[in-house]
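Student: structure here, sequence nowhere to be found:
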């Protein structure tokens with residue numbers, strides 16, 4: 001049983017996310033440690049899949065590195081809205097092959113058996129293809145109460161078949177995914193893992209990515225990976241990565257990080273509140289009159305403290321980064337002010353635009 005101070009728990013969490021002073025070398029290293037890089041088209045400053053590596057690598061990161069790692073080097077692959085390291089492919093494929101859908105999705109697939117065969121046959125014969133290049137031969141339309149899909153049933157079919165490993169994504173053309181048959185995306189030479197082996201590996205990698213997690217969490221399910229821990233002032237039962245505990249004495253220190261709202265350190269909101277006393281709410285879907293920090297405010301981390309939120313946006317027409325506000329959640333001292341401003345200027349430099357509104 002590890003008995004951790006709250007400071008140590010936060011340091012473990014920050015270092016696991018590669019947000020300490022020791023920066024990683026490239027996007028593959030980032031993906032290997034984080035296990036997944038979120039993909040999202042929202043680009044108020046930059047898309048999440050580009051902002052997440054930049055927040056860790058800094059100036060050495062160029063946006064083309066991600067495309068090269070996925071499409072040329074094949075060291076990363078896209079699955080379920082994330083870029084993931086190929087080291088996780090065996091475990092994820094094992095999960096895909098054992099995937100059981102809920103009743104509505106299973107019934108829709110059964111009703112569209114011929115459509116399913118048509119899609120697979122088209123990809124096998126002509127792939128890789130965009131969804132728009134595959135005819136919609138569906139027999140039954142998907143009930144679309146949430147409004148996520150249009151009337152064309154092909155994207156829905158591809159999405160479901162991707163969860164089964166029958167199709168996969170080989171690259172993107174702009175924001176559009178290019179699909180192929182699963183047997184050409186996932187090599188036949190992959191190690192075959194049992195469900196238990198796959199679950200254990202995925203739990204271990206999730207814990208590696210976060211450093212410390214609640215033992216029973218639907219946000220960050222780590223099972224019994226790692227070792228037991230307590231955290232000063234917390235009644236929760238925790239699991240901690242023993243390698244992260246061992247590395248506590250080798251601390252490179254902290255730094256400033258400006259984090260995309262879809263950054264993985266922010267995902268587990270209960271853990272964020274429990275360890276960091278940071279109750280983050282993304283205000284993107286709130287009416288403008290109810291927003292306190294801004295439409296897509298980026299949290300600001302200094303060391304192991306969330307100290308503020310940056311309300312800024314890239315003005316593509318005028319080609320500059322416009323800073324509307326730097327919200328201080330606790331008063332900044334002079335060093336904090338200078339470090340945060342320097343990081344914002346670095347962000348503008350990475351984007352290749354001047355910063356406007358930074359007094």
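Tutor: Here it is on my side, so go on. These figures come from a predicted structure and were not determined experimentally.
Student: buried sites along the longest helix anywhere in the chain?
Tutor: Ranked by residue count and defined by DSSP state H, the top helix of the chain is helix 334-351. For helix 334-351, the buried set under the neighbour-count rule, 16 or more other C-beta atoms under 10 Å, comprises 336, 339-341, 343-344, 346-348, 350-351. The C-beta positions use only the backbone N, C-alpha and C, and glycine is treated the same way.
Student: and if you look at stretch 14-27?
Tutor: By neighbour count on 16+ other C-beta under 10 Å, the buried set for stretch 14-27 is 14-20, 23-24, 26-27.
Student: neighbouring contacts of it?
Tutor: Residues outside stretch 14-27 that contact it (C-beta atoms under 8 Å, 6 or more residues apart in numbering) are 11, 29-30, 33-34, 37, 53, 55-58, 60-61, 65-66, 69, 76, 208-212, 241, 244, 247, 251-255, 257, 264-265, 301, 303-304.
Student: span of it from start to end?
Tutor: End-to-end distance for stretch 14-27: 18 Å, by C-alpha to C-alpha, to the nearest Å.
Student: relative to the whole chain's centre, how far out is it?
Tutor: Between the centre of stretch 14-27 and the centre of its host chain there is 15 Å, according to C-alpha atoms, centre = their mean, to the nearest Å.
Student: and if you look at stretch 340-357?
Tutor: A distance of 23 Å separates the centroid of the chain from that of stretch 340-357, by C-alpha atoms, centre = their mean.
Student: stretch 172-191 too?
Tutor: What separates the centre of stretch 172-191 from the centre of its chain is 19 Å, taken as C-alpha atoms, centre = their mean.
Student: what's the average pLDDT for that stretch?
Tutor: For stretch 172-191, mean pLDDT rounds to 95.
Student: contacts for that stretch?
Tutor: With contact meaning C-beta under 8 Å, 6+ apart, stretch 172-191 is reached by 41, 77-78, 89-90, 93, 120, 123-124, 127-132, 134, 158, 161-162, 164-171.
Student: that one: end-to-end distance?
Tutor: Here the two ends of stretch 172-191 are set 27 Å apart, with distance taken as C-alpha to C-alpha.
Student: flag every buried residue along it.
Tutor: Taking 16+ other C-beta under 10 Å as the neighbour-count basis, stretch 172-191 is seen to contain the buried residues 177-182, 185-186.
Student: over to stretch 273-280?
Tutor: When neighbours are counted by 16+ other C-beta under 10 Å, the buried residues of stretch 273-280 are found to be 274-276, 278, 280.
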